[in-house]
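*Asks:* build me a structure from this.
(3 chains)
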Amino acid sequence: MSVVTTTVDVTRRVRREPLEWRPLLLSLPAIAILLVMVLYPTIFAVWTALHQYNPMLPDMDRFIGLGNFEHAFGDRIFLDTVLRTAVFVVVAVTVEFVLGLGLAIVVFYLIAHGSTLVRLALTIPMIMPPIAIGLVWRWLFDGQFGLINYAMKLIGLPPQIWLGNTTTAMGAVIMVEVWQWMPFVFLCLYAGLASLPSEPIQAARVDGAGPFQLLWYVVLPMLKPIILVVLLFRIIDCMRVFDIVYVLTEGGPSNGTVVYPFLIYMQGFRYFNVGYAAALSWILVVFVSILAGTLIRMLLKSSAAVAKAGGGE
Amino acid sequence: MKREISYAHMRRIAPKAAAYVVVLAFVIFEVFPVYWMISTSFKSRWDAFRLPPVWFFKPTLEHYFTILSGKGWSSTPITPLLINSIIVAGSSSVLALLCGSLGAYGLSRFPTRYGKHLAMWILSTRMFPPVAVAIPVFLMMSNLGLIDTYWALIIPYSAFNISFVVWMMRSFFDQIPVELEQAAMIDGCSRLGAFFRIVLPLTLPGLVATGVFVLIFSWNEFLFALILTRTAAKTAPVAIADFVTLYGIQWGQLTAYATLISAPIIILGLLFQRYIVKGLTLGAVQ
Amino acid sequence: MNILLNFLRTFLCLSSCVVGPDDAAEPTRTGKTKNHRVWGKFSWPTSFLVLGATTLWAPSLRAEEPKQLNMLYVGVESNIDSVRDGAKRYEEKTGVHINIDSYPQTEWRERMFTEIAAKSPHYDVWIVDVPEGALVANHSVNLLDFILNPKVVDPKLISPETFIPRLMVQSTYDPKHPWNPPMELQMPSYTWQAPITMETFGKMKKDGLGFYGIPFHPNVLVMAYRKDYFNNPDYKAAFKAKYGYDLIPPEDWKQFVDVCSFFTKSINPNSPTEYGCTLMAKKHESLYCDWRTWLASFGVFEIGTDMVPSFNSEKGVQATQFYKDLMDKYKVVPQAAKTWTWDEVTTAFGSGLTAIAMNYHRMLLDPAIEQKGGQAGFAMVPGERQADGSVRRAPHYGTYYLSLNKYANHQEPAYKFIEWLSSPDVQLTFAKYQFHSSRRDYYQDPAVLSKWPEYWKPFEESLEIGNSRPRLTVFRQYSETIQAEVSSALGGNKTVKQALDDPACEVIDLFKQAGYYDALHVDPYVKQPQCKH
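*Replies:* Numbering: from 1, shown residues only, chains lettered A, B, ... in the order given. Have a look, this model is predicted:
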């Protein structure tokens, strides 16, 4: 692809020239806003993470160094939460990504009429306020008054107390998360498909490629940059999921659906252990940064390889 | 002869028919809870959870009237909340889109050694959970005297969305070949002019998609709106929890309220749909 | 007007953007007029500039600043309508405008916490709920400063004799350690037993206690039942035939099981309701409140005077097991109750699913049911029958109280406001909002009683004998630890004994960290040796 070859040329030239400042200049407004929001909270978060700090009990403030972190790694609830969050993110992102990508491809290529309607219909779940949606789903899942159990009774299956059992409650949370954000994946990938140039596809079709080969060897590689971004953001956002858990289960049957952000909320806003909550947040940030960095490097490498192969033609 | 024709015919129709069925199933799955929510807003309070579910009922506008007249379970009348929401969400979205697109353009067109690090830093601003940031932000805004003003919300919302705008728009810009801008610059356009007149229009579907998400986030954001406002700048989502009362969830009013505050965004989405279509035709032309 | 102008401008920008792309795509097309080309060249940047300027200008439209006293209040949980009404009348009377910010309980808590973290002087008056009391006490004004100042106080307004006595202790703390086990065990009896007079406040001051809020809107657990079923002659006959005594709202736990079984369809196919009764057993504060009602009725205190947990005693296990049995063994409560709190219980009773339910407010029936003759009656919750024939009832109760922000600047006018708002005469005027009053004479007033006598009588009686939480600086952690474990037992993941022994040890760790045992010089492992590690 011509874009990549140009990039490579410019980079080689840049090494011998003065530093390219244009991206910095163009990003200046963005950086300014970010700095305002990030600077003080970061300092505060570092300071409190090293202290035992409860704003309601200011007399009990003391410096404890890494005490909060030690406490975290020795806390059973913390370790359970980490595992649970990992499972949640993997399952939820995989499901919503597969569904979103599949739907985007199907709608873009196979649905002629009504694609606008589909796009509109799928945008609606994301627009609704999370609290309202959470309450509606909580009611749908209710053991006694819920529509889901009602439907199951009609079919002849035994009704379940969906939110009363740790496993099914976790499944319910995942389902609502997928329900709400699969449209996001769908819309972004649909926009991506819409922006793809048509020559490579036509060329491949002329060459005799079947539909699946077209998809796998032509369309998906061209979609790689958008897929990467969408995946990245979904993973990061899934690791911060809060509203759904809060409204559906509030941590669930005996702490069974406490995910990481909810644990931070519990510690920071319920128990007012602001120092401990800050320490937990840092652990999360470090972990997510490593994960995101690895992901980006992995996918950039493979997309560069594909581009090189494409550019060679 | 006849069998061959119909078999070939089916081979062409079958995938399309299957596609329609599958898509319909997903659309129903996605839309049903929202439909249930909106239809509940027209039911009387006790009809909301009657089993077997009431599919056909006498619709009532009582909940909407109650909310709009300010007599409902909510502590605040809805109109000032909606206005605040419009100002806050609109301003922060435009700000984020503007600043983010500029930054994304720079990162996309001028690769540098620090480009990757800058992009990663921008992404990292999204990783801190808002719950942990709420207290220091309140302290900061309180010291600046900004609590309960629009700026108290606009700055955090823009900051939050910038990472998303930068990364999304960068990937869209990456798809546009540099030759187009170079051609425009040969014709006498400035760099920035080329950005506004060539690149941005071509990436309109991406810009609109990004803008929609940014707007939705700012519109529905709850925690910062709760913490950083008191009376004057309170936005619509904060009041929705008022309907979950000790006396039971006021389903009629809750769903009516949720529908009312989602309506502006839906209307906006309808208005902007044509931009995605426009972008599509342009893409086909080139 | 300004906002309209903004929108007009924004709309114009957007429409100019519509013009933009077409021109941009064909920059060198001939045949266009000169003006059109010039506009086309500048349309995009202009649009963005105007849009940007508009967005930067719009936020400078500030809404009006509130004036006079600022009050942070909860919502319907403590009857916001009454307070709004009262604030309006106070403004008419004194010219002082009260600006009220009202939030639901959880959001109110988060807002108050944030304001205190910043030591913000914005709010003059707070409402406080008992669970947060210990934490807020040191950030609130000690009202004794005003009450014992004859130049400020108006004894007719504060009127201590008319308070329901045990509500007073809820806002009374020893500032040196604002945490206590249940009041009967620690606070001096004059703080929660009649008579309460102005001298009581003097005694509090002498003993070094602080009085941090005026009780306002208490809640207590009251049992609701289907009066129409209980008065129905067929059901009465059938019940008597089966159980040998008259069908009345149950007074002790044995009767409770009998009556609920009678009204459960799976046990009695002729029952008009599917289940006899319901509980609020979700992992939630509601479960903690239910649980402690049961425990206290069995005579068990959760925590002793030495702050060592005592809820895992034999009787404690018995009480918890009985609570669980209602759902799993006797099956008179729907299984779904394990995911229900105050809200769903209201629905369960109101929709006719159960014949009996317990809650903290007057529950209503579906109008369709009322049309068919449905009637709600109210009585005190059952308890444990004692050897001498009396019943030990201990319904859980709590109260909100009006408090002053220590960091605010208008403390005396704020005090006058809350003194007036909580005075007996003013509270009487809130009857039309179904206000829960903290004054005894409210419940004897004929005007009040004429409206819902069947509710107010058992409500007030329950308040007089109610049992209240331990007040802790780590209350939330304490309650949620117990909630998680009891919820585990209800889900069948642990035995009841295990589900009480484990949190006993966790609570000891929690209190140790909070410094309670050091302050009292107590070794908790003497009473709970198995927790030592």
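*Asks:* tell me the spacing between the residue in chain B positioned nearest to chain A and residue B:199.
*Replies:* Nearest residue of chain B to chain A: residue B:106, at 3.1 Å (C-beta to the nearest C-beta). The way it works is simple: take the backbone N, C-alpha and C, and place the C-beta from them, glycine included. Applying C-beta to C-beta, to the nearest Å, the value for residue B:106 to residue B:199 is 12 Å.
*Asks:* which of the two has more neighbours?
*Replies:* Counted by other C-beta atoms under 10 Å in any protein chain shown, residue B:106 and residue B:199 do not tie: residue B:106 has more neighbours, with 26 against 22.
*Asks:* doesn't that one belong to a strand?
*Replies:* No. Counting by DSSP: H, G, I helix; E, B strand; the rest coil, residue B:106 falls outside a strand, being helix.
*Asks:* do I have it right that it meets residue A:23?
*Replies:* Yes. Here residue B:106 reaches residue A:23: they are 3.5 Å apart, a contact under C-beta atoms under 8 Å.
*Asks:* tally up the residues packed near the residue lying closest to residue C:319 once chain neighbours are set aside, please.
*Replies:* With sequence-adjacent residues excluded and distances taken as C-beta to C-beta, 6 or more residues apart in numbering or on different chains, residue C:319 is closest to residue C:298, at 4.1 Å. Neighbour count for residue C:298, taken as other C-beta under 10 Å: 20.
*Asks:* overlap in contacts of residue B:106 and residue A:23?
*Replies:* Common neighbours of residue B:106 and residue A:23, counting by C-beta atoms under 8 Å, 6 or more residues apart in numbering or on different chains, are absent.
*Asks:* residue A:78 and residue A:63: what is the separation?
*Replies:* 22 Å.
*Asks:* settle it for me: which of the two has more neighbours?
*Replies:* The neighbour comparison of residue A:78 against residue A:63 (other C-beta under 10 Å) goes to residue A:78, with 19 against 11.
*Asks:* up against chain C, what does the stretch 151-286 of chain B have?
*Replies:* B:151, B:154, B:184, B:187, B:189, B:192-193, B:196-198, B:200-201, B:204, B:226-227, B:230-233, B:238, B:241-242, B:244-249, B:278, B:282, B:285 (C-beta under 8 Å from any C-beta of the partner chain).
*Asks:* swap the cut-off to 7 Å and go again
*Replies:* Residues of the stretch 151-286 of chain B lying near chain C by C-beta under 7 Å from any C-beta of the partner chain: B:151, B:154, B:187, B:196-198, B:200-201, B:226-227, B:230-233, B:241-242, B:244-249, B:278, B:282.
*Asks:* which positions in chain A make contact with chain C?
*Replies:* Near chain C, when you scan chain A using C-beta under 7 Å from any C-beta, you find A:55-57, A:142-145, A:161, A:163-164, A:250-251, A:253-255, A:269-272.
*Asks:* helices of chain A, residue ranges please.
*Replies:* A:2-14, A:22-49, A:67-74, A:76-110, A:115-127, A:130-140, A:147-155, A:166-195, A:199-206, A:211-213, A:220-238, A:243-248, A:260-265, A:274-312 (DSSP state H).
*Asks:* of these, which is nearest residue C:345?
*Replies:* Nearest to residue C:345, of all the helices of chain A, is helix A:130-140, at 14.6 Å by C-beta to C-beta.
*Asks:* mind saving the C-alpha coords of the closest one as PDB?
*Replies:* What follows is helix A:130-140, C-alpha atoms only, in PDB (Å, rounded to 0.1, in the frame of the first residue of the first chain):
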ATOM      1  CA  PRO A 130     -27.000   3.000  31.600                       C
ATOM      2  CA  ILE A 131     -29.000   3.100  34.800                       C
ATOM      3  CA  ALA A 132     -32.300   2.800  33.000                       C
ATOM      4  CA  ILE A 133     -30.900  -0.100  30.900                       C
ATOM      5  CA  GLY A 134     -29.500  -1.800  33.900                       C
ATOM      6  CA  LEU A 135     -32.800  -1.600  35.800                       C
ATOM      7  CA  VAL A 136     -34.700  -2.900  32.800                       C
ATOM      8  CA  TRP A 137     -32.400  -5.900  32.400                       C
ATOM      9  CA  ARG A 138     -32.500  -6.500  36.200                       C
ATOM     10  CA  TRP A 139     -36.200  -6.700  35.900                       C
ATOM     11  CA  LEU A 140     -36.100  -9.000  32.900                       C
END
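*Asks:* I'd like the average pLDDT over it.
*Replies:* Mean per-residue pLDDT for helix A:130-140: 88.
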